[in-house]
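Student: Make a model of this:
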Amino acid sequence: MSAVMGVVGCGNRLRGDDGVALEVLEALRPVLPPHVLVVDADGLAPWQWLDTIVGLKKAVIIDAAYLGKRPGAISRWRWNREIKREWPKSLGLGGSHGQGLWDALVQAEYAGYALPLIVVFAIEIDPDHTGWGQGISGPVRAAIAEVAAKVVKELQTCDLEE
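Tutor: A predicted model of the protein is given here:
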């Protein structure tokens, strides 16, 4: 069966809390059905993996973020023409990915990419816990199972009219 939905884990495994989305992706692998494409974007900028979700009906992107909330807090956004201006601008900053997600999606739209419905789960990180070789901090690690459950629910409720 061809993939109709996708899950993308962004971040860098070598940079502490920045690798949390990749840990969520690993927790999801055993439970995701075959029609869900899994994209491990470890250390990649969005433009390096964006073409993998073109043509899907829905894509869930998981990433670490620093939005000024408590480490481990979970935020959810949808990408569409009506609400993209309300996204936190910090999702547009490059961070460890070079170009940020927000900027890449805007450019993809202008370039005519047929983007799917996109839902982003951002896990708040501790910016002081993203050094080389650091593990994921306790409060951020505690969010992994909850985010994985939210992603599974998101994929089960593939409401393409959002």
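Student: which stretches of the chain form strands?
Tutor: Ranges of strands in the chain, per DSSP state E, are 5-11, 36-42, 58-65, 74-79, 117-124.
Student: Report the mean per-residue pLDDT for the shortest one.
Tutor: Okay, so that is strand 74-79. Confidence for strand 74-79, expressed as mean pLDDT, is 89.
Student: shift numbering so it begins at 6
Tutor: Got it, first residue is 6 now, which makes that one strand 79-84.
Student: Skipping adjacent residues, who's closest to the most centrally placed residue in the chain in space?
Tutor: What sits nearest the mean C-alpha location of the chain, by Cα atoms, centre = their mean, is I67, with 2.1 Å. Distance criterion Cβ to Cβ, 6 or more residues apart in numbering; nearest residue to I67, sequence neighbours excluded, is A26 at 3.9 Å. To be clear about C-beta, it is placed using only N, CA and C from the backbone, and glycine gets the same treatment.
Student: which residues does that neighbour contact?
Tutor: By Cβ atoms under 8 Å, 6 or more residues apart in numbering, the contact set of A26 is 14-16, 67-69, 128.
Student: rerun that using 6 Å as the cut-off
Tutor: 14-16, 67-69 (Cβ atoms under 6 Å, 6 or more residues apart in numbering).
Student: just those residues now: which is nearest A50?
Tutor: C15 (9.3 Å; Cβ to Cβ).
Student: Return the residues in contact with that closest one.
Tutor: 26, 46, 68.
Student: which strands and helices sit next to the worst-scoring helix or strand of the chain on mean pLDDT?
Tutor: Using mean pLDDT, DSSP states H and E, the weakest-scoring helix or strand in the chain turns out to be helix 106-115, at a mean of 83. With contacts taken as 3 or more Cβ pairs under 6 Å, 6 or more residues apart in numbering; DSSP states H and E, helix 106-115 sits against helix 51-54.
Student: Mind doing that once more with 10 Å?
Tutor: Counting contacts by 3 or more Cβ pairs under 10 Å, 6 or more residues apart in numbering; DSSP states H and E, helix 106-115 packs against helix 51-54, strand 63-70, strand 79-84, strand 122-129.
Student: export these to CSV and tack on distance to L42?
Tutor: Shown next, in CSV, are these (distance: least, Cβ to Cβ, whole Å):
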stretch, distance to L42
helix 51-54, 11
strand 63-70, 8
strand 79-84, 17
strand 122-129, 13
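Student: This completes my enquiry, with thanks.
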